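[1] Structure for this input, please:
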Amino acid sequence: MSGRPRTTSFAEGNKQQNCPVMGAMKIISKDGSKVTTVVATPGQGPDRPQEVSYTDTKIIGNGSFGVVFQAKLCDTGELVAIKKVLQDKRFKNRELQIMRRLEHCNIVKLKYFFYSSGEKKDEVYLNLVLEYIPETVYKVARHYAKNKLTIPINYIRIYMYQLFRSLAYIHSLGICHRDIKPQNLLLNPETAVLKLCDFGSAKQLLDGEPNVSYICSRYYRAPELIFGAINYTTKIDVWSAGCVLAELLLGQPIFPGDSGVDQLVEIIKVLGTPTREQIKEMNPNYTEFKFPQIKSHPWQKVFRTRTPPEAIALVSRLLEYTPGTRITPMQACAHPFFNELREGSKYLPNGREFPPLFNFTEQELAIQPSLNLILRPRNQNEAASKAGQSSSGSMEGGSGSSGNGGAGSSSGSGGVGGSGGGASASSAGDASNLAQQSCSGAAGGSAGAGVGSDDMAAASGGDANTCQPSAATSSMG
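    I've put the predicted structure just below:
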């Protein structure tokens, strides 16, 4: 959990709010168990307070932010986690405001929230009632490391893919998590469902509004934060996700610095000394600073010999000094490293079926539409194309525009096609494999297949024309 609760107002400076509504808390004994009843507001939807009863309360975590309890809802028997944080009555709680906006299968769900009194006079606590998920990626990774085992690569694929989906979603809302690390990735070890949690450091980033640079846990801090940048972007989350991926592949943190300066040293050992231009992109105030000149360490030598080349290639596109050259979370989802999830077996190593990976919402498909044909498995693209053909065929007196029912449909340059016409039904299946092709192949075929070449090149690891890392991917996720 984050080191401290965020109680500054949400996207409104320091605007004061009305005092939170305090509900009466009733505690009774029933069948030998203590039952607590509170007046709580649902996490999503209208503000309609209702009585919620829970029992079997026990502490499962604490820190400077407050305390986390596990409890069981009396009505449903469902286990929940209750995060209790001290509330500054003068301001809105940023974590609450953000969580009420979020609804995604890879983000922990806020079920209710309520306020309670503290022991001191005028002391108020905010209680966030969250779905309970038993494990974290940190605990699972530590278990493998202690037993000198490596995490099966398909588990790494599934965990990271879900993380990137969650980041693509929050970044599309302008929200930066600012504390991505294995401890904040909740995990159901049986189903492999991953959910991003702890939005105590999260913030909606606004152009021109400065942000604190001392944010994010040390091992996962982007270099621009170490350089003291205050105008950073959501790409700091992308760097952190790259650190998580590298850690799962290595079995230990890739940049284990003992301090802020030492953290930068660890990064330089791998990436080499940043150029003056790279430093300028991270923080212009440091361009005259003298750094020892160290050559970059080849990525292939950083990882074990059996590490899939696609995994190493993805890490190299995430851990870039220049924030603008890091790929977006949705481009990461389209990377060849995850093709196995789209095209291979649909079963986990434990025999269970994959968790939902491709149940994209319209909002997700609108983030970077030129990637949609790659993101969805071939059978989904074929079904979407057929739906588009059926819709087009049923229209009377059509004017020649393609159907509007699926990923294969586009009108001019405004649809999925990105640059050029819409993808035909015959190209829909082929487009899902474009990310595997060579740079020249992707450059030659992407426009005709209706896939934007810049997005395609970023997903496959380079520029469509030069096979060099693309600098055309600087848009915030």
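
[2] quick one, phi psi at His143?
    Torsion angles at His143 (phi, psi; degrees, to the nearest 10) stand at phi -60, psi -50.

[3] distance between the ends of stretch 320-339?
    Start-to-end span of stretch 320-339 (CA to CA, to the nearest Å) is 23 Å.

[4] Walk me through the domains of this structure.
    The record's domain split for the chain, according to automatic domain parsing, is 26-131, 135-343, 362-384+410-467.

[5] any idea how far the second one is from the chain center?
    Averaging C-alpha positions (CA atoms, centre = their mean, to the nearest Å) puts domain 135-343 11 Å from its chain's average.

[6] shift numbering so it begins at 55
    Noted, 55 is the first residue going forward, which turns the last one into domain 189-397.

[7] okay, how far is it across it, tip to tip?
    End-to-end distance for domain 189-397, by CA to CA: 28 Å.

[8] So what's the model's average confidence on that domain?
    Domain 189-397 carries an average pLDDT of 96.

[9] Likewise for the first one?
    Along domain 80-185, the predicted local confidence has a mean pLDDT of 91.

[10] Start and end of that domain, how far apart?
    Start-to-end span of domain 80-185 (CA to CA) is 22 Å.

[11] how distant is that domain from the center of its chain?
    On CA atoms, centre = their mean, the centre of domain 80-185 falls 24 Å from that of its chain.

[12] hang on, the earlier thing: so which of the domains of the chain gets nearest Asn404?
    domain 189-397 (7.3 Å; CB to CB). Using the backbone N, CA and C atoms, a C-beta is placed for each residue, glycine as well.

[13] What segments of the stretch 205-354 of the chain are strands?
    229-230, 239-241, 248-250, 257-258 (DSSP state E, counting those that start in this stretch).

[14] partners of the first one in the sheet?
    Put plainly, it is strand 229-230. In the sheet, strand 229-230 lines up against strand 257-258 (antiparallel) (DSSP bridges).

[15] could I get the strands of the stretch 205-354 of the chain as JSON lines with distance to Asn116 and mean neighbour count?
    Putting the strands of the stretch 205-354 of the chain into JSON lines (distance: least, CB to CB, whole Å; neighbours: other CB atoms under 10 Å) gives the following:
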{"stretch": "strand 229-230", "distance to Asn116": "26", "mean neighbour count": "23"}
{"stretch": "strand 239-241", "distance to Asn116": "17", "mean neighbour count": "24"}
{"stretch": "strand 248-250", "distance to Asn116": "21", "mean neighbour count": "24"}
{"stretch": "strand 257-258", "distance to Asn116": "24", "mean neighbour count": "19"}
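
[16] still on that earlier bit, save the domains of the chain as JSON lines, and put in distance to Pro409 too.
    Shown next, in JSON lines, are those (distance: least, CB to CB, whole Å):
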{"stretch": "domain 80-185", "distance to Pro409": "8"}
{"stretch": "domain 189-397", "distance to Pro409": "4"}
{"stretch": "domain 416-438+464-521", "distance to Pro409": "14"}
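
[17] coming back round to it: looking at the strands of the stretch 205-354 of the chain, which is nearest to Ser370?
    Going by CB to CB, the one of the strands of the stretch 205-354 of the chain nearest Ser370 is strand 239-241, 21.7 Å.

[18] Please name the residues that touch the closest residue to Gln354 other than its chain neighbours.
    For Gln354, ignoring the flanking residues on the chain, the nearest one in space by CB to CB, 6 or more residues apart in numbering is Ile366 at 6.3 Å. Under the criterion of CB atoms under 8 Å, 6 or more residues apart in numbering, the neighbours of Ile366 are Trp353, Gln354, Val356, Phe357.

[19] Now, those that are in helices?
    Among these, the members falling in helices (DSSP state H) are Trp353, Gln354, Val356.

[20] Could you point out which of those residues is nearest to Ile322?
    When the ones in helices among the contacts of Ile366 are compared against Ile322 (criterion: CB to CB), the nearest one is Val356, at 13.3 Å.

[21] Could I get the contacting residues of the closest residue in space to Pro206 that isn't next to it in sequence?
    Spatial nearest neighbour of Pro206, chain neighbours left out: Pro403 (5.0 Å); criterion: CB to CB, 6+ apart. With contact taken as CB under 8 Å, 6+ apart, Pro403 is in contact with Pro206, Asn208, Tyr209.

[22] Neighbour-wise, give me the winner out of the residues you listed.
    Highest neighbour count within those, by other CB atoms under 10 Å: Tyr209, with 21 neighbours.

[23] Check whether that residue really touches Phe408, as I assumed.
    No: with contact defined as CB atoms under 8 Å, Tyr209 does not reach Phe408; the gap is 10.9 Å.

[24] what touches both of the two?
    In contact with both Tyr209 and Phe408: Ala246, Leu402, using CB under 8 Å, 6+ apart.

[25] List only buried entries from the contacts of Ile366.
    Neighbour counting by 16 or more other CB atoms under 10 Å classes Trp353, Val356, Phe357 among the contacts of Ile366 as buried.

[26] From His351, how far off is Arg360?
    Arg360 sits at a distance of 19 Å from His351 (criterion: CB to CB, to the nearest Å).

[27] Check Ala295 too.
    Counting by CB to CB - Ala295 and His351 are separated by 21 Å.

[28] Between those two, which is the more surrounded one?
    Using other CB under 10 Å, the more surrounded residue of Ala295 and His351 is Ala295, with 27 against 13.

[29] can you pull the contacts of that one?
    Met214, Leu217, Phe218, Leu221, Ile234, Leu372, Pro383, Ala386.

[30] make it 10 Å
    By CB atoms under 10 Å, 6 or more residues apart in numbering, Ala295 lies in contact with 214, 217-218, 220-221, 231, 234-235, 239, 274, 368-369, 372-373, 380, 383, 386.

[31] Buried ones among those residues?
    Here, 16+ other CB under 10 Å leaves 214, 217-218, 220-221, 231, 234-235, 239, 274, 368-369, 372-373, 380, 383, 386 buried among the contacts of Ala295.

[32] Which members of those residues are positioned in helices?
    Met214, Leu217, Phe218, Ser220, Leu221, Leu368, Val369, Leu372, Pro383, Ala386.

[33] Understood, closing this out.
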